[in-house]
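Novice: Have a look at this fold, sequence not included:
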C-alpha cells in the first residue's frame, strides 16, 4: 500500500477473533473490516496464543469452547502476553456460573450465540473505549486512494480539489470499496455489506451503483474503480 493510500495518520484497531467455527469467524472478520479494523483469525487455542505473541491485539473476541484448550485457559495465556487487552467472550452457554467464571478469569464482556454482528461491534467499541483505545476505535479519519479522499466524519468526498456529491448509498458503496482497496470484492460481498444482508434485490443493483460512482469519480480522470471479469470490482489508484 502506497503512502497516500488507506487511513490517514491513524493505525487501525487490531482484533483477534478466536472461534473454531470458521464461518462465524469469517463473518465477524468481514464486519470488523467494514469498521476499518484489522482482524486476525484463530481456530484453536494454540493458534490464538501464537497470534497474540506474534502481533499483540487491541482486543480479543474469544469463544469459550475450543477444540484444544478451554477458552478460559486461552484467556489466561493471552493475558500473560498482553496483560490489559480487553476480551469479549463468545459462547453458546448462557448460565450464570459461566458468566461469573468468565469475568473472574478476566473477561470484560460476554455475547451469547446466536448474536447479531451489530451488537458484537457495539460491544467491542465499548470495550475499546473503556480500555483507552477510543481514539482509534471511534476515530473518523480520512480514507485515501490516490487523489481520492473520503472524510467519514463530514461525509465529504473529493477527487483532487473537486468536491463530489454522492447519495447516501453511493457514499456507503465507495466507503466499502476504499476500506477494501486493492481487494477484489464480489457483487455478493458488496450486497451483503452495503445493503446489510437484508436487501432482496439482484446483483444488477451493484452494477447500477458502480456505474453511478464511475460517472462521478472517474469521468475525464484516470479510473479508480476497475472490473475484474467473473470476480467483481476493485478500487485502486494507478501505480
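Specialist: Perfect, I can see it now. On a predicted model such as this, the values are computed, not experimentally measured, just so you know.
Novice: Point out where the chain drops to low pLDDT.
Specialist: 1-11, 93-107, 131-141, 196-202, 239 (pLDDT under 70).
Novice: Please name the nearest non-neighbouring residue to residue 160.
Specialist: Distances taken as CB to CB, 6 or more residues apart in numbering put residue 147 closest to residue 160, at 4.7 Å, once the chain neighbours are dropped. Backbone N, C-alpha and C define where each C-beta goes, glycine included.
Novice: so how far is residue 179 from the one you found?
Specialist: Residue 147 sits 18 Å away from residue 179, going by CB to CB, to the nearest Å.
Novice: And these two? Which one has more around it.
Specialist: Each of residue 147 and residue 179 has its neighbours counted (other CB atoms under 10 Å); residue 179 has more, 22 against 15.
Novice: That one contacts residue 34, correct?
Specialist: Yes - here residue 179 reaches residue 34: they are 6.5 Å apart, a contact under CB atoms under 8 Å.
Novice: OK, contacts around residue 35?
Specialist: By CB atoms under 8 Å, 6 or more residues apart in numbering, residue 35 lies in contact with 13, 121.
Novice: Can you list the residue ranges for strands in this structure?
Specialist: 6-7, 14-18, 38-42, 59-63, 87-91, 109-112, 142-145, 148-151, 157-159, 162-164, 225-228, 232-235 (DSSP state E).
Novice: export those strands to JSON lines and tack on mean neighbour count?
Specialist: Converted to JSON lines, the strands of the chain look like this (neighbours: other CB atoms under 10 Å):
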{"stretch": "strand 6-7", "mean neighbour count": "18"}
{"stretch": "strand 14-18", "mean neighbour count": "25"}
{"stretch": "strand 38-42", "mean neighbour count": "19"}
{"stretch": "strand 59-63", "mean neighbour count": "26"}
{"stretch": "strand 87-91", "mean neighbour count": "24"}
{"stretch": "strand 109-112", "mean neighbour count": "16"}
{"stretch": "strand 142-145", "mean neighbour count": "20"}
{"stretch": "strand 148-151", "mean neighbour count": "20"}
{"stretch": "strand 157-159", "mean neighbour count": "18"}
{"stretch": "strand 162-164", "mean neighbour count": "13"}
{"stretch": "strand 225-228", "mean neighbour count": "14"}
{"stretch": "strand 232-235", "mean neighbour count": "21"}
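Novice: out of those strands, nearest to residue 206?
Specialist: Closest of the strands of the chain to residue 206 is strand 232-235, at 7.9 Å (criterion: CB to CB).
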